[in-house]
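A.B. asks: need coordinates for the following:
(one chain, ligands or ions: 1)
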Amino acid sequence: MKLKVRQLKKSYDGKVVLDLEQVEIQGHKRTAIIGPNGAGKSTLLNLIAGLEEPSAGRIFYDGKEEIPWRDMTQVFQKPYLLSSTVENNIAYPLKLRGWDRERIEARVLQLCEELNLLDLRKKKAWKLSGGETQKVALARALSFYPDLLLLDEPTANIDPATTAEIEQMLTKINEVSGTTIVLITHNLAQARRVCERCLFLKDGLLVEEGDAQQMLRMPQNPVTRRFIEGELLI
Ligand SMILES: Nc1ncnc2c1ncn2[C@@H]1O[C@H](COP(=O)(O)OP(=O)(O)OP(=O)(O)O)[C@@H](O)[C@H]1O
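C.D. replies: Next comes the predicted model:
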């Protein structure tokens with residue numbers, strides 16, 4: 001699913017926190033959104049997700065302005081799971097979409113295998129660790145092969161091995177199903193590993209966009225360069 005943003009603005013208490021003249025997110029690609037704290041990254045994602053109303057402007061999903069609720073999904077840094085078992089959480093979007101029981105069971109099993117969740121299938125979601133919760137949220141999001149997957153720092157506070165599993169799943173779902181992925185991350189190495197395109201936001205504005213590999217190694221804009229070089233100071 002491709003996204004187009006036109007003259008999009010969001011203000012809180014009279015202060016403009018996002019002001020985007022024109023942004024395009026290519027369909028079937030993996031796009032990173034990077035930028036300092038308070039740049040407007042989550043605000044942009046929440047507007048795309050329909051969780052917030054723009055103060056002005058328009059968002060087009062494959063050319064249409066209707067929010068494609070059934071075809072997209074989000075994963076947040078602190079996901080909310082249903083107070084039920086792991087497998088019920090993963091099955092939930094499939095039940096909503098009217099899949100039959102056998103197909104649901106097969107898909108849940110497949111996701112549990114791919115994300116190393118088999119031993120946790122019957123466990124109650126509230127007993128999971130942070131990383132386990134994140135994997136279940138991702139499995140649930142991927143379950144129905146969404147056209148658009150919006151991720152807000154999905155691996156913050158996750159150990160390196162689990163982060164690698166999640167990154168592999170993201171690349172796989174994109175390659176196999178053509179899911180458009182938009183990933184907010186402060187982990188620039190992750191953006192390099194996972195993403196093909198990159199947007200850099202600062203102070204609510206789009207500073208630079210382009211090929212992720214090129215931009216994250218040799219940014220053209222001096223502001224982007226300073227931000228990326230800051231990584232070396234950590
Ligand atoms: N509900 C709100 N009410 C008032 N101000 C808000 C609200 N949500 C966000 N903001 C402000 O909007 C600006 C952009 O916030 P946003 O969360 O989009 O930034 P971000 O780039 O995702 O930052 P971070 O990297 O810290 O997560 C910030 O100055 C923030 O304080």
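
A.B. asks: what's the longest helix in the chain?
C.D. replies: Selection of the longest helix in the chain by residue count, based on DSSP state H, yields helix 160-177.

A.B. asks: which other helices and strands contact that one?
C.D. replies: strand 30-34, helix 130-142, strand 148-152, strand 180-184, helix 188-194 (3 or more C-beta pairs under 8 Å, 6 or more residues apart in numbering; DSSP states H and E). Every residue, glycine included, has its C-beta placed from N, CA and C.

A.B. asks: need the contact partners of that helix.
C.D. replies: By C-beta atoms under 8 Å, 6 or more residues apart in numbering, the residues outside helix 160-177 that reach it are 28-30, 114-116, 131, 134-135, 138, 142, 145, 149, 151, 154-155, 158, 179-181, 183, 190, 193-194.

A.B. asks: stretch 2-16 too?
C.D. replies: 17-27, 40, 43-44, 47-48, 52, 54-63, 148, 180, 182, 204.

A.B. asks: for it, buried residues please.
C.D. replies: For stretch 2-16, a neighbour-count test (16 or more other C-beta atoms under 10 Å) marks 2, 3, 4, 5, 8, 9, 10 as buried.

A.B. asks: stretch 193-204 now?
C.D. replies: Quick answer for stretch 193-204 (16+ other C-beta under 10 Å): 194, 195, 196, 197, 198, 199, 200, 201, 202, 204.

A.B. asks: end-to-end on that stretch?
C.D. replies: Start to finish, the residues bounding stretch 193-204 are 25 Å apart (C-alpha to C-alpha, to the nearest Å).

A.B. asks: re the thing from before, of the contacts of stretch 2-16, which are in range of the ligand?
C.D. replies: Filtering the contacts of stretch 2-16 for neighbours of the ligand using C-beta under 6 Å from any ligand atom leaves 17, 40, 43.

A.B. asks: what is the helix or strand encompassing the last one packed up against?
C.D. replies: The reference is to residue 43. Assigned by DSSP states H and E, residue 43 belongs to helix 41-48. The contact analysis (3+ C-beta pairs under 8 Å, 6+ apart) places helix 41-48 against strand 3-12, strand 15-25, strand 30-34, strand 148-152, strand 180-184.

A.B. asks: mind putting these into JSON lines with distance to residue 102?
C.D. replies: Formatted as JSON lines, these follow (distance: least, C-beta to C-beta, whole Å):
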{"stretch": "strand 3-12", "distance to residue 102": "35"}
{"stretch": "strand 15-25", "distance to residue 102": "36"}
{"stretch": "strand 30-34", "distance to residue 102": "32"}
{"stretch": "strand 148-152", "distance to residue 102": "25"}
{"stretch": "strand 180-184", "distance to residue 102": "29"}
